[in-house]
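Novice: Could you look at this predicted model? Sequence included:
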Amino acid sequence: MKKIAFVVTLLAMACNSSQKTVSETTTETIATMNPKPFAETITEAELKDHLYIYASDEFEGRETGKPGQKKAVAYLEEQYKKMGIPAAQADGNYFQNVPLTVSKLPEGTITINGKTYKNGEGLLTFTSAEGNYSELAYAGFGIEDEKYSDYSTIDVTDKIVLIKAGEPMNADGTYVISGSAEKSVWSNLSESVAKRFEAAQAKGAKGVLYFDENNFARFESRFDYMKKNDSGRMEIKEDNSDTFFNFFINENIANAILPNIKSENKAKIVPSKIDLAIKSSDEDINSENVVAILKGSEKPNEYVIISSHLDHIGVTKDGEINNGADDDGSGTVALLEIAQAFKKAADEGKGPKRSIVFLHVTGEEKGLLGSQYYTDFDPIFPLSETVADLNIDMIGRIDPKREGDRNYIYLIGSDKLSTDLHNISEEVNEKYMNIALDYTYNDENDPNRFYYRSDHYNFVKNNIPIIFYFNGTHDDYHAPGDTPDKIDYDLLENRARLVFYTGWEVANRKDRLVVDKANK
């Protein structure tokens with residue numbers, strides 16, 4: 001699982017809502033097709049056999065682009081070939097190439113009205129930025145929304161845009177966008193950053209100077225870590241020499257450009273001489289998603305994705321291997337067993353009505369990169385026809401902070417976009433598994449922000465319903481102690497079966513899931 005996720009919001013879609021109730025459809029499907037014999041092929045013994053190989057020292061911590069990660073994808077390819085589950089791509093290749101690049105922490109200066117600042121001194125950027133400007137555009141909160149726009153009175157084409165955090169309020173203390181005392185997504189600490197950058201770029205801006213005290217502190221910690229450890233920032237490589245840049249700036253620099261920026265909301269052009277001289281060196285990395293598919297018997301052009309990330313964090317500077325048995329070896333081997341169960345059903349003439357895509361993504365630990373590539377750059381199957389993503393990231397151990405039944409699982413996001421999916425999840429669990437479903441981390445105010453920190457979130461951005469299955473963190477999280485001997489294989493079996501049953505119902509029910517809570 002990734003520590004800090006930074007993603008960019010994209011397209012929205014919605015689905016037809018004139019369907020049966022969840023209970024009617026669920027009962028109909030389960031009564032006519034019994035999945036239990038196939039779920040029971042998911043066993044502790046087979047999960048253990050897989051994991052002792054996949055999370056062994058031989059795989060060297062599976063760091064993205066490293067030799068151990070190449071061994072991992074080769075192992076996954078071999079397993080799908082053995083099971084007789086074909087590759088998802090038309091050319092028969094199980095590997096979806098994900099082009100990546102590693103940029104070292106950029107070095108250089110930005111000069112604003114004659115005063116020069118080094119990168120990391122009151123301002124932060126993780127990308128190259130070069131050029132000379134005689135003015136910038138101030139766009140207030142940098143919001144572009146159907147109910148409010150900071151760009152309606154200003155042209156920011158080919159300009160640097162100065163924006164700030166927050167959102168507009170009415171005189172009565174309510175928020176303009178929501179029309180109530182409730183803040184909108186533009187106040188969300190994680191989501192609002194990407195939305196603002198995307199809005200500025202869509203308006204033709206060259207880059208952004210962003211004043212946000214809370215996010216400045218977050219990204220300053222990340223900057224300092226990268227500087228201390230001489231680590232680079234991995235991202236998807238794009239064929240675009242005209243790179244959009246962004247800076248996080250502190251209050252001193254913001255006020256130096258625009259005095260009283262906190263109280264000033266009106267968009268305007270601000271005369272400012274700005275010289276950018278920030279450079280970084282890039283190193284290309286090749287990595288792969290592994291993608292297989294079982295074609296649906298009745299609705300082959302509708303897709304249910306079951307996902308996990310295949311990578312981990314590699315080897316420490318002291319040479320210790322971070323095996324990543326739980327993170328996310330547990331999800332990876334669960335996905336293999338789930339795939340096997342669906343294949344056995346298909347072999348007996350009870351294949352899924354909708355297609356099941358088994359998606360193992362790379363680069364999760366580097367910023368959800370493999371799933372971002374799948375959703376934002378090269379979706380093998382249309383996102384508009386993707387019904388749901390069931391994402392498995394760490395399901396093999398017990399959260400030491402949790403009290404209660406050990407046979408539990410944290411569910412995150414099941415009710416965020418689709419009431420249908422949430423109800424199906426609850427009903428399937430009650431009928432087959434009786435696992436304690438814990439929604440602690442589903443809270444909008446969860447300070448851990450797990451909802452934004454694994455691969456399902458790239459599907460959320462596209463209004464695809466998701467469930468994130470998660471056991472919580474533990475003392476060995478992102479440490480060499482996360483080894484196969486510490487996995488609770490009985491719990492891993494139960495949790496994997498729950499995902500299978502849920503996938504079975506979503507794939508086989510008569511009607512497609514309703515997306516009744518689509519992102520705006």
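Specialist: Sure thing, it's come through.
Novice: three-state assignment of I110?
Specialist: Three-state call for I110 (DSSP: H, G, I helix; E, B strand; the rest coil): strand.
Novice: mind checking how far it is from Y225?
Specialist: Using C-beta to C-beta, to the nearest Å, I110 is found at 22 Å from Y225. From N, CA and C alone the C-beta is placed, and that goes for glycine too.
Novice: of these two, who's got more company?
Specialist: I110 (23 against 13; other C-beta atoms under 10 Å).
Novice: Return the set of buried residues in stretch 269-283.
Specialist: Across stretch 269-283, burial judged by 16 or more other C-beta atoms under 10 Å covers 272, 274, 276-278, 280.
Novice: Now tabulate the residues you listed in TSV and tack on distance to M394, pLDDT and secondary structure.
Specialist: Below are these laid out as TSV (distance: C-beta to C-beta, whole Å; pLDDT from 0 to 100; DSSP: H, G, I helix; E, B strand; the rest coil):
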residue	distance to M394	pLDDT	secondary structure
S272	47	95	strand
I274	44	96	strand
L276	41	96	strand
A277	43	97	strand
I278	37	95	strand
S280	32	84	coil
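Novice: Could you work out the most separated pair of those?
Specialist: Across these, the two members that end up farthest from each other (C-beta to C-beta) are S272 and S280, 24.0 Å apart.
Novice: ok, A139 - contacts?
Specialist: Contact analysis of A139 by C-beta atoms under 8 Å, 6 or more residues apart in numbering lists 150-151, 154, 156, 161-163, 200, 267.
Novice: Tell me which two in the residues you listed are the farthest apart.
Specialist: Using C-beta to C-beta, the contacts of A139 reach their maximum pairwise distance at Y151 and L162, which is 12.9 Å.
Novice: Please say which of these two ends up with more neighbours.
Specialist: Applying other C-beta under 10 Å to Y151 and L162 shows that L162 carries more neighbours, namely 27 against 21.
Novice: List of residues touching the helix or strand containing that one?
Specialist: Following DSSP states H and E, one finds L162 within strand 160-164. With contact meaning C-beta under 8 Å, 6+ apart, strand 160-164 is reached by 133, 136-142, 150, 196, 200, 203, 205-212, 254, 257-258, 261-262, 270, 274.
Novice: before we move on, the earlier item: and which of the buried residues of stretch 269-283 is nearest to S231?
Specialist: In terms of C-beta to C-beta, no member of the buried residues of stretch 269-283 lies closer to S231 than S280, at 12.5 Å.
Novice: what's near enough to touch D399?
Specialist: Contact partners of D399, counting by C-beta under 8 Å, 6+ apart, are 410, 471-474.
Novice: secondary structure class for it?
Specialist: Note that with three-state DSSP, the state of D399 is coil.
Novice: can you pull the contacts of S308?
Specialist: 328, 331-332, 334-335, 359-361, 391-393, 455.
Novice: In strands, which of the contacts of D399 appear?
Specialist: Counting by DSSP state E, the part of the contacts of D399 found in strands is Y410.
Novice: Tabulate the contacts of D399 in a markdown table, adding columns for pLDDT.
Specialist: Formatted as a markdown table, the contacts of D399 follow (pLDDT from 0 to 100):
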| residue | pLDDT |
| --- | --- |
| Y410 | 98 |
| N471 | 98 |
| G472 | 97 |
| T473 | 96 |
| H474 | 96 |
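Novice: Among the contacts of D399, which one has the most neighbours?
Specialist: When neighbours are taken as other C-beta under 10 Å, the top entry among those is N471 (25 neighbours).
Novice: Might one say that that residue is in contact with I395?
Specialist: Yes - assessed by C-beta atoms under 8 Å, N471 is found in contact with I395 at 5.3 Å.
Novice: Can you check which residues contact both of the two?
Specialist: Common neighbours of N471 and I395 (C-beta under 8 Å, 6+ apart) are 326, 330, 409, 491, 495.
Novice: Without its sequence neighbours, what residue ends up closest to I53?
Specialist: In space, and not counting its chain neighbours, I53 is closest to Y75: 6.8 Å by C-beta to C-beta, 6 or more residues apart in numbering.
Novice: residues contacting the one you found?
Specialist: For Y75, the contact set (C-beta under 8 Å, 6+ apart) comprises 53-54, 59.
Novice: now do G207
Specialist: 129, 160-161, 200, 244-247.
Novice: Now it: closest residue in space, sequence neighbours ignored.
Specialist: Distance criterion C-beta to C-beta, 6+ apart; nearest residue to G207, sequence neighbours excluded, is F245 at 3.8 Å.
Novice: Break this protein down into its domains, please.
Specialist: In the domain annotation for the chain, the residue ranges read 87-101+284-508, 105-280 (automatic domain parsing).
Novice: Just send these back as TSV, with distance to K517 too.
Specialist: Converted to TSV, the domains of the chain look like this (distance: least, C-beta to C-beta, whole Å):
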stretch	distance to K517
domain 87-101+284-508	5
domain 105-280	12
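Novice: Worst mean pLDDT among these?
Specialist: With a mean of 93, domain 105-280 has the lowest mean pLDDT of those.
Novice: taking the contacts of strand 160-164 one by one, which sit in helices?
Specialist: The helices, defined by DSSP state H, take in 196, 200, 254, 257 from the contacts of strand 160-164.
Novice: just the strands in the stretch 401-520 of the chain please.
Specialist: For the stretch 401-520 of the chain, applying DSSP state E, counting those that start in this stretch gives strands covering 408-412, 436-438, 466-470.
Novice: Tabulate the ones you listed in a markdown table, adding columns for distance to D511.
Specialist: Putting the strands of the stretch 401-520 of the chain into a markdown table (distance: least, C-beta to C-beta, whole Å) gives the following:
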| stretch | distance to D511 |
| --- | --- |
| strand 408-412 | 22 |
| strand 436-438 | 23 |
| strand 466-470 | 18 |
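Novice: Endpoint to endpoint, stretch 450-469 covers what distance?
Specialist: Terminal residues of stretch 450-469 lie 11 Å apart, using C-alpha to C-alpha, to the nearest Å.
Novice: for it, the distance to its chain's centre please.
Specialist: Put simply, stretch 450-469 sits 6 Å off its chain's centre (C-alpha atoms, centre = their mean, to the nearest Å).
Novice: Over to stretch 376-394?
Specialist: Relative to the centre of its chain, stretch 376-394 is centred 11 Å away, using C-alpha atoms, centre = their mean.
Novice: Any buried residues in it, and which?
Specialist: Going by neighbour count (16+ other C-beta under 10 Å), the buried part of stretch 376-394 is 376, 379-381, 383, 386-394.
Novice: gap between the two ends of it?
Specialist: Length of stretch 376-394, first residue to last, C-alpha to C-alpha: 24 Å.
Novice: can you tell me how far the residue nearest to I392 when sequence neighbours are not counted sits from I160?
Specialist: Nearest in space to I392, with sequence neighbours left out and distances taken as C-beta to C-beta, 6+ apart, is G331 at 3.6 Å. Separation of G331 from I160 (C-beta to C-beta): 42 Å.
Novice: If you count surrounding residues, which of the two has more?
Specialist: G331 (33 against 25).
Novice: Could you check which helix or strand contains that one?
Specialist: Using DSSP H and E, G331 falls within helix 331-347.
Novice: so that helix versus strand 466-470, what angle?
Specialist: 120 degrees (axes from the mean of the first three to the mean of the last three C-alpha atoms, to 10 degrees).
Novice: All good on my end, thank you.
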